[in-house]
Every structure is written in structure tokens, then in C-alpha cells.
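Visitor: Model the structure of this input:
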Amino acid sequence: MSYHEDRELAEQILNNSEVGPTGWVRENCPFCVTRTGKEDRRKSFSVKEDSGYYHCFRCATKGRIHSDTSSFKYIPNIPSVSPELDEMPCPEDYEPLWKEPGLNAYALRRAREYMRSRKLYREIWEDAQIGACYKGYFRDRIIIPIIEKGKWYGFVARDWSNTAQRKYLYPMGMNKTELMWNRDLLYEITDEFLLVVEGVFDALPYYGRAVALLGKPTKKQVEQIKQATRPIVVALDGDAWEEGLALSQKLKLSGKQTGFVKLPPGKDPGSVDKEWLLYEAARSIGDL
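Guide: Next up, the predicted model:
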């Protein structure tokens, strides 16, 4: 498919689809099959109504409808991981959920049910390499890896039974002060805003549009976010709104286009209405 055919198809999608409250059209990507060999089923393709900018989070097709200077090959300029961080293996009993035996194993039935109850399905399991353990130290836990450039630097182990004394576990030695989940999204060249949230299950419902801090923001994480090449909207949990506002202000002082959403008390991004949060995020940076 030529550049002009790509641009024409992106324009057709914009003209024939409903524009959301943030000014973006979201549809299944028409380019993923030829570029990755897989159909897109989670509306990874976005087109901005006013600028004509388009981008797919799966196959990395990008460009601008009204420009002849677009580049379709997307190579993110991701700052290197600190040499002080060590690679970490996945748990010994980790089984990927998106393929056999984890996809249908009875021992992991409740793990799959838990994920589906949160409207998180197989496409996301595969993209994020989510698995689970049914035995060992991380027994009865969802495993969400922290991956950078194909290497594991840690993981989040979430109890799927909601009965464990500690809801979340982490591997010994994991550096939570510097790591973030999906950190590479900070450095995508796009004018579409990115949510900064606390936990991975706050970010997963907004897959491709959120990075998780793995807790409250640290100094090292703030410095990384300051290097972001796209607009940032801070949406920490309702009980941490003051810290979220402070982070937003720090980013603004460093020259970043930044917004802030105050969540209701006791709520987090994973428990509020998704469309409401996206609308408020867009409104906070004047993207409406």
C-alpha cells in the first residue's frame, strides 16, 4: 500500500466515523494485517479531527492526512534504562494466558475469569505478555511484566482471589523508584495525550494510552516524565489528588503540556467510567 493510499484510507475513516469527545476517531486499524499479520480488534487506530494526525498503537503506522511529509516508520526515542537496573527473570511458575497451556488450563480458569471481569481480553494479554501462576511463591496471582526493549526488569503479581493478605507482590530487588509500566509510551511522537496513573490495573483499561507509576510518583520518575514528547494528563487515585496536582504543576513548570484530573474519593482510574475520565483528561489540556 502506497503512502497516498494510506493517507486516503485514514481520511475515509475520519469522514465515516463518529468523532469522540476528545476530538479523536478510534477504529480498528486497517494497516495491521499487512504490517503485523494480525487483525486489530481493539480500535488501536486513532485520527485527530482538527490536525489530521493518525497513528496506530499496534503496527506503528502514523502520518498526517493533510501533509505530504509524514513518515510511517515509527522508532521511539526511548532513553536507555539505567545501567543500575538489573534484568529479572519471570517467575518460575509463570504461564502466559494468551496461549496454551495457560489459555485453557483449568488451574488458571479463575485468572482468566478475573481478567475478563475487568474487561481485559486476550489481545491485551498477548500485547502486554500477561500471565499467571497457579503454584509457587506467586500462586493465584496475575503476572504483569515490566518490559523495556524486550527485557524483563520486574513484574507486578496481583492476587486474583481477592483473599490474600497482600493484594500485590513484587520480585525481590525490583527498583520501583525508577521503573514504570509502559514507559515507552512517554516518548511517542504524537499530540494525543497520555494518562499517568498509579497502578497497572489503573492503566490496563486505557491500554496504549496510559503509563503506570507502580505507586506514588518518585523523583526519578518525574524526571523521566519531563522528557515526554507528548501531552501528559495526571490522574492519580482519588486519595492522592494533591500529589497528582503537584506532579502536574511540576511538569507545567518544566514546559510540558500537562493536565490534571481529580478523581472522586475512594476511586481510581480503573473504577471510574472510562469515557468520563478520557473526556475530563481532554478538557484539562484544552483538547476539546
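Visitor: residue contacts, Y168?
Guide: Shown in contact with Y168 (C-beta atoms under 8 Å, 6 or more residues apart in numbering): V156, A157, R158, D159, G199. From N, CA and C alone the C-beta is placed, and that goes for glycine too.
Visitor: Repeat that for A235.
Guide: Applying C-beta under 8 Å, 6+ apart, the residues near A235 are L195, V196, V197, D202, G244, F260, V261, L263, P269, L277, A281.
Visitor: same check, this time on L85
Guide: Y153, N175, E178, L179.
Visitor: how about the helices in the stretch 51-200 of the chain?
Guide: 109-117, 122-127, 200-203 (DSSP state H, counting those that start in this stretch).
Visitor: What helices and strands are in contact with the first one?
Guide: Secondary structure elements in contact with helix 109-117, counted by 3 or more C-beta pairs under 8 Å, 6 or more residues apart in numbering; DSSP states H and E, are strand 141-148.
Visitor: Next: the last one.
Guide: In terms of contact count using 3+ C-beta pairs under 8 Å, 6+ apart, helix 200-203 is assigned the packing partners strand 151-159, strand 210-212.
Visitor: looking at those, which is buried most?
Guide: Each of the helices and strands packed on helix 200-203 was scored by mean neighbour count; the highest is strand 210-212, a mean of 24, by mean count of other C-beta atoms under 10 Å.
Visitor: from memory L120 sits against A203, does it?
Guide: No - in this structure, L120 is not within contact of A203 by C-beta atoms under 8 Å, at 10.9 Å.
Visitor: The two: who's more crowded?
Guide: Neighbour tally, L120 and A203, criterion other C-beta atoms under 10 Å: the higher count belongs to A203, 28 against 21.
Visitor: who touches the more buried one in this structure?
Guide: W181, N182, L195, V197, A210, V211, A212, P269.
Visitor: follow-up on the earlier one: for E223, which of the helices and strands packed on helix 200-203 is the nearest?
Guide: Closest of these to E223 is strand 210-212, at 14.2 Å (criterion: C-beta to C-beta).
Visitor: which is the next helix or strand following that closest one?
Guide: helix 219-225 (DSSP states H and E).
Visitor: what's the offset of the helix or strand just after that following helix from the middle of its chain?
Guide: Going down the chain from helix 219-225, the next helix or strand is strand 232-234, by DSSP H and E. A distance of 13 Å separates the centroid of the chain from that of strand 232-234, by C-alpha atoms, centre = their mean, to the nearest Å.
Visitor: which helices and strands does strand 232-234 pack with?
Guide: Counting by 3+ C-beta pairs under 8 Å, 6+ apart, strand 232-234 packs on strand 194-197, helix 241-253, strand 258-260.
Visitor: which residues sit against that strand?
Guide: 186, 193-196, 225, 244-245, 247-248, 251, 256-261, 281, 284-285.
Visitor: What strands line up against that strand, and which way round?
Guide: strand 194-197 (parallel), strand 258-260 (parallel) (DSSP bridges).
Visitor: among these, which is the most enclosed?
Guide: strand 194-197 (a mean of 26).
Visitor: Now the helix or strand containing Y279: average pLDDT?
Guide: Element membership of Y279, judged by DSSP H and E, is helix 274-284. For helix 274-284, mean pLDDT rounds to 94.
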